[in-house]
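J.: let me see the structure of the following:
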Amino acid sequence: MGQQAIEVFRSCIPLFNALSDPARQDIILMLAERESLSVNEIAEQSKLSRPAISHHLKIMRDIQLVKIEQKGTQRYYSLSLIQSVEQLKRLIEIVESECIL
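T.: As a prediction, this is how the structure comes out:
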């Protein structure tokens, strides 16, 4: 396997870590159903505490899975998947070209 393939795999680690958590998966699915949600709105639909939800949203924000829009005193979160999808497409391309015989 080439150095480029290794680098692409390594660059996907934060995304895979974020997506591996069931709580974050639930939040992603909630955001997929609605255009945007506040932490309070997510908490109403979750068993998690507001601080736990904020923690998970921070992890997802850090790798650009979600974006924030400030409306007054509220912060609304929405999905921002373009970068992550492009990253996964690149990984698939590398796997297809270098790993499949």
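J.: quick one: Ser80 and Ser54, what's the gap?
T.: Distance, Ser80 to Ser54, using Cβ to Cβ, to the nearest Å: 17 Å. C-beta here means a position set from N, CA and C on the backbone, and glycine is covered the same way.
J.: likewise Glu96?
T.: Taken as Cβ to Cβ, the span from Glu96 to Ser54 is 38 Å.
J.: looking at the two, which is more packed in?
T.: Ser54 (17 against 9; other Cβ atoms under 10 Å).
J.: quick one, what contacts that one?
T.: Residues near Ser54 by Cβ atoms under 8 Å, 6 or more residues apart in numbering: Val39.
J.: let me know the pLDDT of it.
T.: On the pLDDT scale, Ser54 is placed at 95.
J.: now do Met1
T.: For Met1, the model assigns a pLDDT of 65.
J.: who touches stretch 91-101?
T.: 1-2, 4-5, 8-9, 12.
J.: highest neighbour count among these?
T.: Highest count within the contacts of stretch 91-101 by other Cβ under 10 Å belongs to Val8, 19 neighbours.
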